[in-house]
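Enquirer: Give me a 3D structure for the following:
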Amino acid sequence: MTDVTLGDLASTMALAPGEKVTFEFQSSQRKVLEQSTMDSTESLSSIESTTADKEAINIARSSTETQGWHVDSTATLTCGYGSLSVSAGYNKSVTDSNSQAISHIHDTTVHSAKSLKALHKIEVKGVTESTVSNRMTRTIENPYFDRCVSINVFHLLKKFSVQTALSEMRYAIVLSIDDLAFNNDFVLNNGDFLRSYLLDSSLLDDLQVAVQGAKPALTQTATQAAKETAQRALAYLYDYSPSVPRPTAHDLFHLPDLNNVMGRPPVPQTVVNAFTENLMAGQLQGTAATNFQNSGFGKSNDQHCIQLFTILGFFYGVIQEDVDNPDPATPPGSPKVNILGVGQNAVNIAVALATGVGAVYKDVFTDPLKSAELINVMKEDALTEVIRRVPGFLTIVSGILQPLLDPLKVEQAALADYAQAQFVLQRLLTHLECNRHYYVQRYLRYVSKVTANQAIVDFATDALKVLVDTPGVLPQDANKNPVVAIGDFDLDRTFIDKTEVVIPGIVALGNDVVTTLVQTVLGDKDLLPVVDPGPLVVNDLEVAADGIHMEVVEGACPPLKNVPAPQPGASITVNDLQASINN
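Expert: Numbers count the residues shown, from 1 in each chain. Have a look, this model is predicted:
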């Protein structure tokens, strides 16, 4: 502090001639500290149980018995002139009816509901107020009897002169955190941080869904098992290797060749064109009736299973189709893939084929043990090889594939939910990446707060150890030979500045050391040496003081003329006696 000066005029008061006034000056300083703490815990537990037991027994009995019989007897006796006739008859009918109806109904319903809601809330609000008051009383009298005076009250100001200068120079390592990875692991491990600092409220509502999407992908156990089972069942039915995407051309159907009606050589019959061509007599090569009769078509038709044969043929054509690869990563122009290798096509085809073929198979061969048609179809020379494989195919589908369908549906529903969660996760990661600098700053502050800065200190310790142990990374101290040590830095005082972690040094550096470091970092040995900068003088600062300054000045009214001076005197009264003294 360099001086005390007068501040602004606070008040002005006028005193009449001879007036005496008592002034009271009060200076108060009031401090208020408010602190509010609230601890709220709410828990809700609900248990509901419903048990229904219903039993109904109905017994009806009816018995009817009817007996009826009739006896007639006639006798005639004739003797001479006399005649005797006797007639007798007996009729009996018995009816016995017994009807009983017993109905017993037992209905029991037990409903139990339990709801427990506990709310624990503690709220503490404290106010601390302190007041410091200084009171000062002064009595001032105007000594003049012919003029007024004015009293001006001024604030007092304390005047300071502040100077700043460089105290010392130290090491400081600044670690810039720019590559914080916003990925699945970050979402899984920092749920509390995201709930506290997410900017997008819609993403905050879907945060739990995004966490599910960040978990490892579901293992498609039932899906893969069902797919492999379906492919193997179709492979055994149509006689091809499951490891080969396309079925091999094996003659399971024994089809006749087709004539080329356009004059070209005969066309070998295949499964595909056999069921798409119009098989008129002119289409079949050679004698139409003979070729048709000696083919799978003819033999199946003879044994009333042509419908079964046709269904198998159509599906054989379906499984040979090629489709585009649905994988989004497939480059444009890539070759097509077999239909059985895409999605759930193998399962869907196997189930549909088993459903259609199974129904027709039961209708055609109602009693397999006694069916002559089935015996003929199963013969070695029956040309119906594909039908002979149907029972095994149906057994695989019903015994192995069907039990996998319910787990497959559950798994597919879970995969659909996981795909939706993946979509929400990508939205969240995109949002974090677009606001990277904000979230990096918030995350560093969050980690420092919840760990009492210990996580930042540990990070700085590990990073500094790597920097010191790596040759040529840190500048060399000219006074040391030649490495900067970890002990040169105050790790416990590591602090955060936005997206940077700053590790301050302990040892004060001289100008020569700083000069060497600057020349080393900049790679210029010709830089001028570092010198102490001069002190920086700041303009004078004025701060209000606690006291006041009173100043007496002449009043605004002119002095009065011919005002007699007051006569000094006194009066004393004692009981009924009075005395006065006048000058």
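
Enquirer: Averaged pLDDT, stretch 206-219. What do you get?
Expert: Averaged over stretch 206-219, pLDDT sits at 91.

Enquirer: end to end, how far does that stretch reach?
Expert: End-to-end distance of stretch 206-219 (Cα to Cα, to the nearest Å): 24 Å.

Enquirer: And for that stretch, what's in contact with it?
Expert: By Cβ atoms under 8 Å, 6 or more residues apart in numbering, the residues outside stretch 206-219 that reach it are 184-185, 187-188, 191, 194-195, 198, 203, 411, 414-415, 417-418, 420-425, 427-428. Bear in mind the C-beta positions are built from the backbone N, C-alpha and C, glycine included.

Enquirer: how about the helices in the stretch 451-583 of the chain?
Expert: Taking DSSP state H, counting those that start in this stretch, the helices of the stretch 451-583 of the chain run over residues 454-469, 511-522.

Enquirer: Now Ser150: which helix or strand?
Expert: strand 149-160 (DSSP states H and E).

Enquirer: list the helices and strands the helix or strand just after that strand packs on?
Expert: Next along the chain after strand 149-160, taking DSSP H and E as the criterion, comes strand 163-164. For strand 163-164, the elements it packs on are strand 536-537, judged by 3 or more Cβ pairs under 8 Å, 6 or more residues apart in numbering; DSSP states H and E.

Enquirer: hmm, back to that, export the helices of the stretch 451-583 of the chain as TSV, with columns for distance to Thr5, mean pLDDT and mean neighbour count.
Expert: Below are these laid out as TSV (distance: least, Cβ to Cβ, whole Å; pLDDT from 0 to 100; neighbours: other Cβ atoms under 10 Å):
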stretch	distance to Thr5	mean pLDDT	mean neighbour count
helix 454-469	48	89	15
helix 511-522	40	70	15
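
Enquirer: Format these as TSV; extra columns: distance to Thr219.
Expert: What follows is those, written out as TSV (distance: least, Cβ to Cβ, whole Å):
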stretch	distance to Thr219
helix 454-469	35
helix 511-522	54
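
Enquirer: Minimum distance to Ala329: which of those helices has it?
Expert: Among the helices of the stretch 451-583 of the chain, the nearest to Ala329 by Cβ to Cβ is helix 454-469 (37.4 Å).

Enquirer: still on that earlier bit, the strand holding Ser150 pairs with which strands, and in what direction?
Expert: Strand pairing for strand 149-160, determined by DSSP bridges: strand 3-15 (antiparallel), strand 541-554 (antiparallel).

Enquirer: Would you mind saying which of the helices of the stretch 451-583 of the chain lies nearest Pro332?
Expert: Of all these, helix 454-469 sits nearest to Pro332, with 45.7 Å by Cβ to Cβ.

Enquirer: same for the closest one, what does it pack against?
Expert: Packing partners of helix 454-469 (3+ Cβ pairs under 8 Å, 6+ apart): strand 169-176, helix 436-450, strand 500-509.

Enquirer: do you know which of those lies nearest Asn562?
Expert: That would be strand 169-176 among the helices and strands packed on helix 454-469, by Cβ to Cβ, at 80.7 Å.

Enquirer: Okay, now the unreliable bits of the stretch 101-250 of the chain?
Expert: Where the stretch 101-250 of the chain drops to pLDDT under 70, the residues are 101-126, 132, 241-250.

Enquirer: quick revisit: closest one to Ile140 among the helices of the stretch 451-583 of the chain?
Expert: Checking these against Ile140 by Cβ to Cβ gives helix 511-522 as the closest, at 62.2 Å.

Enquirer: Redo the strands paired with strand 149-160 as JSON lines? Include distance to Thr515.
Expert: Shown next, in JSON lines, are these (distance: least, Cβ to Cβ, whole Å):
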{"stretch": "strand 3-15", "distance to Thr515": "41"}
{"stretch": "strand 541-554", "distance to Thr515": "35"}
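
Enquirer: and those strands as a markdown table, adding mean pLDDT, distance to Val211 and mean neighbour count?
Expert: A markdown table is the format used below for the strands paired with strand 149-160 (pLDDT from 0 to 100; distance: least, Cβ to Cβ, whole Å; neighbours: other Cβ atoms under 10 Å):
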| stretch | mean pLDDT | distance to Val211 | mean neighbour count |
| --- | --- | --- | --- |
| strand 3-15 | 83 | 63 | 13 |
| strand 541-554 | 80 | 55 | 13 |
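
Enquirer: Can you say which of the ones you listed is nearest to Glu168?
Expert: With Cβ to Cβ as the measure, strand 541-554 is the member of the strands paired with strand 149-160 nearest Glu168 (25.0 Å).

Enquirer: Mind listing residues that contact that closest one?
Expert: Against strand 541-554 from outside (Cβ under 8 Å, 6+ apart): 4-7, 10, 25, 27, 134, 138, 147, 149-162.

Enquirer: What's the ChimeraX line that selects buried ones from the residues you listed?
Expert: Selection of buried members from the contacts of strand 541-554 for ChimeraX, criterion 16 or more other Cβ atoms under 10 Å:
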select :7,147,149,151,154,155,157,158
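
Enquirer: part of a helix, is Glu129?
Expert: No. Under DSSP: H, G, I helix; E, B strand; the rest coil, Glu129 falls outside any helix and is assigned strand.

Enquirer: Adding mean neighbour count and distance to Thr461, write the helices and strands packed on helix 454-469 out as CSV.
Expert: Shown next, in CSV, are the helices and strands packed on helix 454-469 (neighbours: other Cβ atoms under 10 Å; distance: least, Cβ to Cβ, whole Å):
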stretch, mean neighbour count, distance to Thr461
strand 169-176, 15, 12
helix 436-450, 16, 14
strand 500-509, 17, 9
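
Enquirer: Same list (the ones you listed) but as JSON lines, adding distance to Arg388.
Expert: JSON lines is the format used below for those (distance: least, Cβ to Cβ, whole Å):
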{"stretch": "strand 169-176", "distance to Arg388": "75"}
{"stretch": "helix 436-450", "distance to Arg388": "67"}
{"stretch": "strand 500-509", "distance to Arg388": "77"}
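
Enquirer: Glu228: which of those is closest?
Expert: Closest approach to Glu228 among the helices and strands packed on helix 454-469 (Cβ to Cβ): helix 436-450, 44.6 Å.

Enquirer: Identify all contacting residues around that closest one.
Expert: Contacts to helix 436-450, defined as Cβ under 8 Å, 6+ apart, come from residues 177-178, 180, 182, 190, 193, 196-197, 199, 432, 455-456, 496, 498-499, 501.

Enquirer: Using CSV, write down the CA coordinates of that helix.
Expert: Once non-C-alpha atoms are left out, helix 436-450 reads as follows in CSV (Å, rounded to 0.1, in the frame of the first residue of the first chain):
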residue,chain,number,x,y,z
ARG,A,436,-14.8,-35.4,-29.5
HIS,A,437,-13.1,-32.4,-27.8
TYR,A,438,-16.1,-31.8,-25.5
TYR,A,439,-16.3,-35.4,-24.4
VAL,A,440,-12.5,-35.7,-23.9
GLN,A,441,-12.5,-32.7,-21.6
ARG,A,442,-15.5,-34.0,-19.7
TYR,A,443,-14.0,-37.5,-19.4
LEU,A,444,-10.7,-36.2,-18.0
ARG,A,445,-12.5,-34.1,-15.5
TYR,A,446,-14.8,-37.0,-14.6
VAL,A,447,-12.0,-39.4,-14.0
SER,A,448,-10.1,-36.9,-12.0
LYS,A,449,-13.2,-36.2,-9.8
VAL,A,450,-14.3,-39.7,-9.1
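
Enquirer: tell me the pLDDT at the closest residue to Asn345 other than its chain neighbours?
Expert: The shortest distance from Asn345 to any non-neighbouring residue, by Cβ to Cβ, 6 or more residues apart in numbering, is to Ile339 (5.2 Å). You'll see Ile339 listed with a pLDDT of 88.

Enquirer: again, but for Ser36
Expert: Model confidence at Ser36, expressed as pLDDT, equals 71.

Enquirer: Phe393 is in contact with Ala233, isn't it?
Expert: Yes. Counting by Cβ atoms under 8 Å, Phe393 touches Ala233, with 5.6 Å between them.

Enquirer: Those two: which has the busier surroundings?
Expert: Neighbour count, other Cβ atoms under 10 Å: between Phe393 and Ala233, Ala233 has more, with 26 against 21.

Enquirer: next one: phi and psi at the more buried one?
Expert: Note on Ala233: its backbone torsions stand at phi -60, psi -40 [degrees, to the nearest 10].
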